[in-house]
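Visitor: Here's my sequence, what's the structure:
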Amino acid sequence: QVQLVESGGGLVQAGGSLRLSCVASLRAFQNYIMSWSRQGPGKEREFVAVISRNGSITNYADSVKGRFTISRDNAKNTVWLQMNRLKPEDTAVYYCGPKVRPFYTDSDRRAYDSWGQGTQVTVSS
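Guide: Model prediction:
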């Protein structure tokens, strides 16, 4: 059973920063492409960022490109999302999960099966 525990969310003013963490109880964590997604109030879950198995390749949603950075440490089974210059529209519950079907595009929800409980990020204007 996969366990994913996200943390680091909170309330921040627009323009501020937060760093989210996700610890995954995945066997052979280094073999998984890892991702972050989010679900805002009244919205569907959307792709935010993805990172390759060794961390050398990343991809971001256009809405966060240049502001968010995804990274990982395979020795710690951890993936992070550094969020800078936050905007009110970034308000959402943020989830991490492995991309278990690599043949789908990063933004396709069919690529993902498991998510943690999420961590709430609220950005005030």
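Visitor: Just want the most central residue of the protein.
Guide: W36 (1.8 Å; C-alpha atoms, centre = their mean).
Visitor: my guess is that residue meets I70, correct?
Guide: Yes: assessed by C-beta atoms under 8 Å, W36 is found in contact with I70 at 6.3 Å. (Glycine included, C-beta is placed from N, CA and C.)
Visitor: so what sits against both of these two?
Guide: 49-50, 79, 81 (C-beta atoms under 8 Å, 6 or more residues apart in numbering).
Visitor: which one of the residues you listed is nearest L26?
Guide: Closest approach between the shared contacts of W36 and I70 and L26, by C-beta to C-beta: V79, at 10.4 Å.
Visitor: quick check, that closest one in a helix?
Guide: No: remark: V79 does not belong to a helix; assigned using DSSP: H, G, I helix; E, B strand; the rest coil, it is strand.
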